[in-house]
Each structure stands twice: as structure tokens, then as C-alpha cells.
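>>> Let me see the structure of the following:
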Amino acid sequence: MLLLAFLAAARAAQPPASPAPYTVLARDGRHPLAVRMMAGQEMFALDDLARLFNVTVREDAAAGGLTVTAGTQTIVLSAGQSLASVGGRLVSLPAPPAREGRTWYVPVDFVARALAPALSTRVELRKPSRLLLVGDIRAPRVVARMDPLGSATRLTFDVAPATPHTIAQEGQRLVVKFDADVLDTALPASVAPDLVQTIRPGDAPATIAIDLGPKFASFRTSDLPGDRGAGRLVVDIAGQATEVTQPPPAGPPSQPPADVPPLIDLAPSGSLRAIVVDAGHGGTEQGVKGPGGALEKDVTLSVARRLKAALEARLGIRVILTRDGDATIGLDERAALANNNKADLFVSLHANASVRPATSGAEVFYLSLDEYGDAAERAARGDHESLPVFGGGTRDIELTLWEMAQARYIRDSAALAQTVESALRERVPMSARSLQQAPCRVLVGANMPAVLIEMGFLTNPAQEKQLTSDEFQNQVVQALVSAITRFRDSRAVSTAASGTR
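Okay, the predicted model is just below:
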């Protein structure tokens, strides 16, 4: 017991491990910048910053403060205050400066909030990557993810800001080279060994290497615009076809199985152009929690990402996710996103719950407007109202309340829901009430055909395992791709038939 107490006391007396240093990237190279943890805050030594940025630090012992001079700009710090005065303008800091021995320390945010505005050179602090960029260094942020596509794999690289790049095959690897000095990367650890063995920084600066697996056959790339000046590079990696031991029968070439999406199957002109896929819940709204700990918000996001990749590959259309991360988004905001992007379809993904653990099966919903009575019927007809206009006279204006936006699409939504229910039934278990009409708030404002899909009951222990498995999620995705394809084709036939009359 005495020995254990001695060891515990020795461990407690040891100083905490120092945080990993930041990396300073500048034209003259890269070097580490040490960090100290003080009172729960990461801090830089002011002496280190003075040497790095060629600024002058002067201590006013009587006033208990510090003055940092950068060219013609002056920064004033006071001991015990989480504020800095930059040229007379106050900025907040997460912690006050701290002194240890003869060295003063400031929180790392001091660089971005106080020092950078006072310097004549560009300075950018990237805390998640632990980088400090100095000068005109081009270091785009590249975040990659990998999504399975049946016998293929899709790699998506989100690049901020959008940066010119090339991609080439060098033996058993693909090399993506960016027109940049360095890359700030977040690369996935999970791989698909048969097609992609590793995704790693390349041997040359500003490159990413994709080491290919033994079943790699070909690749295809496409560039898409991102949000807020970002870009997106999509790399589809196709596997080799299964070897055939017997010669194929004579006749026309066979079609690939329906559940294996071809790499690109472009939609005919005039059909679906954009689809919004809504991953239910997110952020503080976690949704249903399964007995094993699985969260609805995680299941819906995983399926939404897979569905986006599959739809883009199969139909060649634009697919927008209401969220591509763990974010809290209001119900009306989701439909508004679809409206603002002029989407042709809105598909909301969810997982169900029941007080009875044995309840299971998928369900498909479209909107019910019974509570709105005649108002819904008028909205469905698209009635107009005459309003006075400046200068005299009137103009017919079509006014649609938010709650009535879905009214004119109820028939199309019902047809889409029936198609989705039928396609899901071919691949996953369905509940006894697999097709329903209900007042789902997330569908109310959608100005296009819209459905909500409960993929299964997360409160059922067996179905919780299914909903979190790759196999089940892929089956749901394949069913939805099939349903959307059928709905698209049926609309094209209806349009052609109406045009011949």
C-alpha cells in the first residue's frame, strides 16, 4: 500500500505533458513553435513570437502590463485582463497573459485576434491543424472522405479555397497535385483494400497519393463547385469485373445487375437535375437512441452520404445534403434549402422509435394537409389573387403560404412515396403500415415532390444492428436509387405522352 501511494504521489507530481507544437509555414521553410498549457489554455511565449515576427516587447512593471510594438502599431496587454488594445481598439482573448519566471505567455488566439491585424504581413492561425501560416503561403485545406459504391469506391476531396489541380496514374497509385505550396489535409484512415489501400500525403509537396488495391481497374474524375469559394474533386475508382470461367452465350451483351450501379449513367436532358437529401436530426438534436447506443443522427448522415455518392454516379445529377456534418438545422431550413436550390425532389431520412422493442420495418411518408381543409385545395389549384400596383391597375400574384407549399405536389409526392415503398420492399423489411400520410413538418414547406423515410426502428435491438451495418445501409441506398430512377422515367413518359396530344 505504501508503494502504491508513493507511485501515485510521484505521478501527481509529474508536470503534464506539453501539447504538440504548432508548425510555422513561411517562405523560408517550416519550423516548430512551442506551446505551453497554462490554466487550461494553450499559450505561446511572447519571446518566441517576438523573434518570429520581429516585434518589440516591453514590460511596464509599475503598471503590470506589456506593450508589443509591430511597426507603427502598438498592442497593450494588462496582467489579469483577457483583453488587448490594438491601436486603441479592444479585442477579447480567451485568457489573460501569464508570467512564469521572466517569460510572459499569451493564449494562442492572441496571434489571430491581436497580432495579425497589427502586422503588415499576412498571418493565419489554423488551430485544428496546428498551423501558423506567415506570408503569401498557399496552403488550401483538403478534407477527404471515402464512400462505397457497390463494386466501386468514391473519393471526395473538399478543397478550400478552390485550387487548380491535376491527377495522374503513376504505376499502382494515383497522384493528385495541387497548385499550392503545401496542403493542410484531413485524410480518411479507413480504406477499401481491394481498390484503395491508403490515402496519404504524396512524396512531393502539395500532393496526395492514392495507393491502389489489387482489383483496381480504372478511375474517373469530376470537379464540382463547393460552398463559399471552395471546390470539390470527385474521384470514382472502379474495380475489375468478375472473371467468367465459361464463355458468355451468344446474343446481345448482358446488362449489369440492378444492384450494382454503373460508374456514370447520365440522366436524359429535361429530367431530374437536382435532389436534396435530408439527413434527419444532427447537432444537439440526436433523434432516437438505440439500446446499443446508436444515434439516429449518425445513421441518417451515413446513409445520406452514401445516397449522394450513388445518385451522382448513377444519374449524373446534382445532389445537395441539408447537412454534411453534425450540425443542428431547423426543420423549415431544410425545406428552404431545397427551395432555394430549385431541387426537383426532397428526400428526408430518419430512423423510427417505438415503446415496443419488437416493432420493426421501414415506413414511407408523404404529407397530409387534412387539417388545412379548403385552403389546401385552393393552394393545390394555384389560385391567384389580384393586388393593386403602383400607378394604378392590378396584377395577378400567386401567393403560397409556407404551410401550403407542398399542397400542389401532393399527388406527385404520393406517387414518389409509392415508388419508394415498392423499391424498399424488394430489399429491406417493411412494417405493417409501410406507406402512410402524415403531417410531417419537415415536408410542409417543400416546393417539390417530397417524402420522408423511416428506414427502420432503432429501438429494436436486432434492427439497430442492421441500421448501423454497411450491408443494410447499402441496400437502402440501392432501393432509393432504383425508386428515384423509376420515378424519373415515369415522369419522362408522362411528359412525352402529354406532348403528343
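
>>> Now the residue nearest the centre of the chain. Nearest residue, chain neighbours left out?
Of all residues in the chain, the one closest to the mean position by C-alpha atoms, centre = their mean is residue 324, 2.3 Å from it. Nearest residue to residue 324 in three dimensions, chain neighbours excluded: residue 305, at 7.3 Å (C-beta to C-beta, 6 or more residues apart in numbering). For the C-beta atoms, the positions are set from N, CA and C on the backbone; glycine is no exception.

>>> was I right about that neighbour contacting residue 321?
Yes - under the criterion of C-beta atoms under 8 Å, residue 305 makes contact with residue 321 at 7.3 Å.

>>> Now for the two: what residues contact both?
residue 279 (C-beta atoms under 8 Å, 6 or more residues apart in numbering).

>>> got any ranges where the protein has weak pLDDT?
Within the chain, the ranges that satisfy pLDDT under 70 run 1-17, 62-63, 226-227, 241-270, 370-404, 492-501.

>>> what residues go with each domain of it?
In the assignment given by automatic domain parsing, the structural domains of the chain cover 18-134, 141-239, 274-500.

>>> Doesn't the residue nearest to the centre of the chain belong to a strand?
No - going by DSSP: H, G, I helix; E, B strand; the rest coil, the assignment for residue 324 is coil, not a strand.

>>> Next up, phi/psi of it, please.
Here is the backbone geometry of residue 324 (degrees, to the nearest 10): phi -120, psi 20.

>>> Where does residue 148 sit: helix, strand or coil?
strand.

>>> show me what contacts it?
With C-beta under 8 Å, 6+ apart, residue 148 has these contacts: 154, 192, 306, 470, 474.

>>> now swap in residue 335 and tell me
Contacts of residue 335 by C-beta under 8 Å, 6+ apart are 346, 405, 442-447, 450.

>>> quick check, it in a helix?
Yes - counting by three-state DSSP, residue 335 is found in a helix.

>>> Confirm for me that residue 462 is in contact with residue 360.
Yes - with contact defined as C-beta under 8 Å, residue 462 reaches residue 360; the gap is 7.2 Å.

>>> Which of these two has more residues huddled nearby?
Taking other C-beta atoms under 10 Å, residue 462 and residue 360 do not tie; residue 360 has more neighbours (20 against 13).

>>> Distance from the helix or strand hosting residue 200 to the middle of the chain?
For residue 200, the host element (DSSP states H and E) is strand 196-201. A distance of 21 Å separates the centroid of the chain from that of strand 196-201, by C-alpha atoms, centre = their mean, to the nearest Å.

>>> then that strand to PDB, C-alphas only?
In PDB, the C-alpha atoms belonging to strand 196-201 read as follows (Å, rounded to 0.1, in the frame of the first residue of the first chain):
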ATOM      1  CA  VAL A 196      -7.800   1.800 -52.300                       C
ATOM      2  CA  GLN A 197      -5.100   0.700 -49.800                       C
ATOM      3  CA  THR A 198      -4.000   4.100 -48.500                       C
ATOM      4  CA  ILE A 199      -4.700   7.800 -49.000                       C
ATOM      5  CA  ARG A 200      -1.600   9.700 -47.800                       C
ATOM      6  CA  PRO A 201       0.400  12.900 -48.400                       C
END
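
>>> buried stuff in that strand?
196-197, 199 (16 or more other C-beta atoms under 10 Å).

>>> coming back round to it: Three-state assignment for the residue nearest to residue 324, please.
Residue 305 - assigned by three-state DSSP - is helix.

>>> Over to residue 113?
helix.

>>> just the helices in the protein please.
2-13, 46-53, 109-110, 116-118, 296-315, 331-340, 374-381, 410-425, 441-444, 461-467, 470-500 (DSSP state H).

>>> List the contacts of the second one.
For helix 46-53, contacts defined as C-beta under 8 Å, 6+ apart pick out 24, 33-34, 55-57, 66, 68, 70, 97, 103-106, 110-111, 115, 119, 121, 123, 134.

>>> Show me just the buried residues among those residues.
The neighbour count (16+ other C-beta under 10 Å) marks 24, 33, 55, 57, 66, 68, 70, 97, 104-106, 110-111, 115, 119, 123, 134 as buried among the contacts of helix 46-53.

>>> Please look at residue 357 and residue 458 and confirm they touch.
No - the criterion here is C-beta under 8 Å, and residue 357 misses it with residue 458 at 10.6 Å.

>>> Compare neighbour counts for these two and give me the winner.
residue 458 (27 against 14).

>>> about what we covered before: determine the set of other helices and strands touching the strand holding residue 200.
strand 141-149, strand 152-160, strand 207-212 (3 or more C-beta pairs under 8 Å, 6 or more residues apart in numbering; DSSP states H and E).

>>> highest average neighbour count across the ones you listed?
strand 152-160 (a mean of 22; mean count of other C-beta atoms under 10 Å).

>>> Quick check: can you name the pairing partners of it and their directions?
When sheet partners are counted by DSSP bridges, strand 152-160 sits next to strand 141-149 (antiparallel), strand 231-239 (antiparallel).
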